[in-house]
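Participant: what's the 3D shape of this:
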Amino acid sequence: MLVEGGGEFIAALALSLVLWLIAEIMVLLPTVAGTMRRGRPAQPQAPTQRW
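Facilitator: Next comes the predicted model:
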């Protein structure tokens, strides 16, 4: 390392990145799940008989 304690800085940076990604995923999950639920095609209905 070029600087004393550089490894600790890299570890703290990596930990903050991981925590930030987890927070982003937790925020986006409800939005994605709601969109997926609404995006499902309607179930096909039984054909009607015409006499």
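
Participant: Distance check, residue 33 against residue 10.
Facilitator: According to Cβ to Cβ, to the nearest Å, residue 33 stands 35 Å off from residue 10. From N, CA and C alone the C-beta is placed, and that goes for glycine too.

Participant: Which secondary structure state does residue 48 sit in?
Facilitator: coil (DSSP: H, G, I helix; E, B strand; the rest coil).

Participant: Now residue 17: which helix or strand?
Facilitator: Using DSSP states H and E, residue 17 maps to helix 6-38.

Participant: What mean pLDDT does that helix get?
Facilitator: In this model, helix 6-38 carries a mean pLDDT of 87.

Participant: Point out the other helices and strands that it packs with.
Facilitator: Contact here means 3 or more Cβ pairs under 8 Å, 6 or more residues apart in numbering; DSSP states H and E; on that basis helix 6-38 packs against no helix or strand.

Participant: Please point out which parts of it sit buried.
Facilitator: Within helix 6-38, no residue counts as buried by 16 or more other Cβ atoms under 10 Å.
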